[in-house]
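[1] one predicted model, sequence on top.
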Amino acid sequence: MRSDPTVTCAFLVFECMLVRLKARDVGGQGVGANEEVLVAIQQGDAARLRALLAEDASVAGARDGNGVSALMLAIYQQRKDLVDLLRVRRTQFDIFEAAALGRTDLVEDLLGQSPVVANTWSGDGFAPLHFAAFFGQDSVARILLEHHADAGAVSRNPMKVTPLHSAAAGRHNALVQVLLGGGAPVNAKQEHGWTALHAAAQNGDQAMVDLLLKYGANPKARNDDGLTPDQLAHEKGHAEIAERLRAA
């Protein structure tokens, strides 16, 4: 049975984390302030988060059971208001937060202190370059690559994404160029057998399709449903891109 393409294109790379966040057990008594912060983020409750931070600013540093910070969870939710409430109460940031926020100054400082953090892993299985790629932080990506971040790193979670998949998911053409120039494997497959070209084709992104083909993307690659990029483009009504891919 063929899977739903909107699920197969799980190219919203962090959807798995949002699902997990929503599945947290938040009931019962005795919930501490740190847990309440995570619940407020889960529920998108800015007023509650503001109140908790007013009572104790230190809870801005709360982390979940996997070590993922409240700030990162707010970033995953794409809630700038929540992110700002937490960010201004923090004095230190880890490499994942710095990469996602585009803080090149912090990224450089952290790499200066410990170069190995360029290839460290978050509690939910991503490297800093994944975050820079997904959130469109070109300058951070360049700095990480200059410090030998692995352009082909495969996430240590069921998504199995590389930074290139992350950039394609976010539709960040400039970052795709940076990653390909840094040696990212153009035909790497993520969960469900998708390549970056599958994503670009389904998204109708002609410029990204052309760029990926220039770097050797396989237009005949099939995902786990047996679909090629041109078939996905055709399904989504991107006739010119489908024709371009069939002729490649």
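    All right, it came through fine. Residues are numbered from 1 along each chain as shown.

[2] what number of residues lie near Ser122?
    Counted with other Cβ atoms under 10 Å, the neighbours of Ser122 add up to 25. In short, each C-beta sits where N, CA and C put it, glycine included.

[3] pretty sure it sits against Val68.
    Yes: look at Ser122 against Val68 with Cβ atoms under 8 Å: they come within range, at 6.5 Å.

[4] which parts of this protein are strands?
    Using DSSP state E, the chain contains no strands.

[5] quick check, central residue of it?
    Taking Cα atoms, centre = their mean as the criterion, Phe134 is the residue nearest the geometric centre of the chain, at 4.0 Å.

[6] grab the nearest non-local neighbour of it.
    Of all residues not flanking Phe134 in the chain, Ser166 sits nearest, at 3.9 Å (Cβ to Cβ, 6 or more residues apart in numbering).

[7] quick one on the thing from earlier: can you give me the distance of the residue nearest to the centre of the chain to Met159?
    11 Å (Cβ to Cβ, to the nearest Å).

[8] Ser69 contacts Ala62, correct?
    Yes: the pair Ser69 and Ala62 passes the contact test of Cβ under 8 Å, sitting 7.2 Å apart.

[9] could you measure from the residue nearest to Phe134 over to Glu108?
    21 Å.

[10] have a look at the two and say which one is more surrounded.
    Using other Cβ under 10 Å, the more surrounded residue of Ser166 and Glu108 is Ser166, with 31 against 15.

[11] what residues are up against that one?
    For Ser166, the contacting residues are Val13, His130, Phe131, Ala133, Phe134, by Cβ atoms under 8 Å, 6 or more residues apart in numbering.

[12] try it again with 10 Å
    Neighbouring residues of Ser166 by Cβ atoms under 10 Å, 6 or more residues apart in numbering: 11, 13-14, 126-127, 129-136, 141, 155, 159, 172, 175-176, 179, 190, 196.
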